[in-house]
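Undergrad: attaching a predicted model along with its sequence, questions to come.
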Amino acid sequence: YADLHAQQIEPSAFRYHGLLAEIVGCTMVGLGLWIKLGSASFVRVLGATSVYFVHIGYFCIVAGSVVAMLGFMGCWSAIKENRCLLLTVSTRRRFMVVHQGGVLGREDRTAHAPPIVLEKSLSGLKKKYSGYKHDDIVSYGWNAFMLKLKCCGVHNYTDFSGSAFQIRTNLSYPKSCCKDPVSPACNGRNVSSEVIHQKGCFDNMVSLLKEKSMLLAGAATGAALLEVSRIQVLKGRVLFLSAPGMHRSQLCTDKP
């Protein structure tokens with residue numbers, strides 16, 4: 001009776017684990033797409049410094065797809081009681097746990113992000129920002145960022161002092177700093193709090209970076225814990241299929 005009970009419970013538990021893995025995988029894919037598409041302006045503002053952030057987004061998409069696929073394969077192998085397929089899934093899951101640990105280690109570095117964000121964003125703004133409605137990468141990114149988050153410069157509008165933008169236009173700030181860019185008062189010289197945003201974008205940048213990094217770390221932690229638990233279930237299932245009472249043809253073939 002105990003053996004029969006184990007035969008019923010283990011495949012059922014494995015199928016539930018597989019379904020959960022598919023859900024986690026799809027969540028990671030969605031998170032990766034959100035990071036990639038939602039961080040376009042942020043990436044343009046920080047330039048090469050934020051390239052790893054885009055790569056992490058791609059990694060989430062790929063890793064999530066693999067986790068979902070392995071979840072499906074795990075369900076199928078449990079139903080068919082195919083020992084070779086179970087071993088293959090188990091090996092791939094160990095590989096995924098290692099890579100998800102790498103993501104956690106990478107995201108831990110965001111604790112040191114503020115100084116880098118400050119340095120690179122201010123440097124890009126001073127040297128490469130051209131102005132409102134300019135379509136070069138840095139200008140487009142900064143304009144989109146300031147308009148969306150309702151901020152101006154890195155610290156405030158004074159960051160444009162001595163910048164390439166001010167030297168070229170003789171203006172104190174671009175229209176993207178204004179609360180209403182089409183207002184006549186938005187003339188590049190009126191620095192009233194009624195006309196332009198007085199707050200800089202630095203705090204928003206750091207918050208955005210940390211927020212998405214925490215989401216990534218949470219997803220990677222959840223996926224890694226799920227993979228570890230599934231590896232244990234896999235071990236039990238493989239041992240069961242390797243038991244002396246099992247027919248040899250069931251070890252590397254589908255259950256008849």
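TA: Noted; the coordinates are in hand.

Undergrad: dump the one helix or strand Lys120 maps to to CSV, keeping only the CA atoms.
TA: Element membership of Lys120, judged by DSSP states H and E, is helix 113-128. Provided in CSV are the C-alpha atoms of helix 113-128 (Å, rounded to 0.1, in the frame of the first residue of the first chain):
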residue,chain,number,x,y,z
ALA,A,113,25.4,52.2,-7.9
PRO,A,114,24.7,55.8,-6.8
PRO,A,115,28.3,57.2,-7.3
ILE,A,116,28.5,55.6,-10.7
VAL,A,117,25.0,56.8,-11.7
LEU,A,118,25.9,60.4,-10.5
GLU,A,119,29.3,60.5,-12.4
LYS,A,120,28.1,59.0,-15.7
SER,A,121,24.8,60.8,-15.9
LEU,A,122,26.3,64.2,-15.1
SER,A,123,29.2,63.7,-17.5
GLY,A,124,26.8,62.7,-20.3
LEU,A,125,24.5,65.7,-19.6
LYS,A,126,27.4,68.2,-19.6
LYS,A,127,29.2,66.9,-22.7
LYS,A,128,26.6,65.2,-24.9
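
Undergrad: what packs against it?
TA: Applying 3 or more CB pairs under 8 Å, 6 or more residues apart in numbering; DSSP states H and E, one finds that helix 113-128 makes contact with helix 40-46, helix 137-149, helix 164-169, helix 202-241. C-betas here are computed from N, CA, C, even on glycine.

Undergrad: now do 7 Å
TA: helix 40-46, helix 137-149, helix 202-241 (3 or more CB pairs under 7 Å, 6 or more residues apart in numbering; DSSP states H and E).

Undergrad: now the longest one: mean pLDDT?
TA: Spelled out, that is helix 202-241. Mean pLDDT, taken over the full extent of helix 202-241, equals 65.

Undergrad: and if you look at the first one?
TA: When pLDDT is averaged along helix 40-46, the result is 61.

Undergrad: hang on, isn't Asn143 packed against Lys175?
TA: No: with contact taken as CB atoms under 7 Å, Asn143 and Lys175 are classed as non-touching, separated by 8.5 Å.

Undergrad: and for these two, which residues touch both?
TA: Common neighbours of Asn143 and Lys175, using CB atoms under 7 Å, 6 or more residues apart in numbering, are Tyr132.

Undergrad: and this protein, what are its domains?
TA: Partitioning the chain according to automatic domain parsing yields domains covering residues 2-112+208-246, 128-204.

Undergrad: worst average pLDDT in the ones you listed?
TA: Among those, domain 2-112+208-246 carries the lowest mean pLDDT, a mean of 62.

Undergrad: with neighbour numbers in mind, choose between Asn143 and Lys175.
TA: Taking other CB atoms under 10 Å, Asn143 and Lys175 do not tie; Asn143 has more neighbours (25 against 20).

Undergrad: quick check: the more buried one vs Ser130, distance?
TA: Summarising the geometry, the distance separating Asn143 from Ser130, computed by CB to CB, to the nearest Å, is 10 Å.

Undergrad: which element is His155 on?
TA: Secondary structure here is read from DSSP H and E; on that basis His155 sits in neither a helix nor a strand.

Undergrad: can you get me a residue count around the closest residue to it other than its chain neighbours?
TA: Take His155 and drop its neighbours on the chain: the residue closest to it by CB to CB, 6 or more residues apart in numbering is Gly200, 4.2 Å away. Here the number of neighbours of Gly200 (other CB under 10 Å) works out to 20.

Undergrad: surely Gly200 meets Val154?
TA: Yes: under the criterion of CB under 7 Å, Gly200 lies in contact with Val154, with a separation of 5.2 Å.
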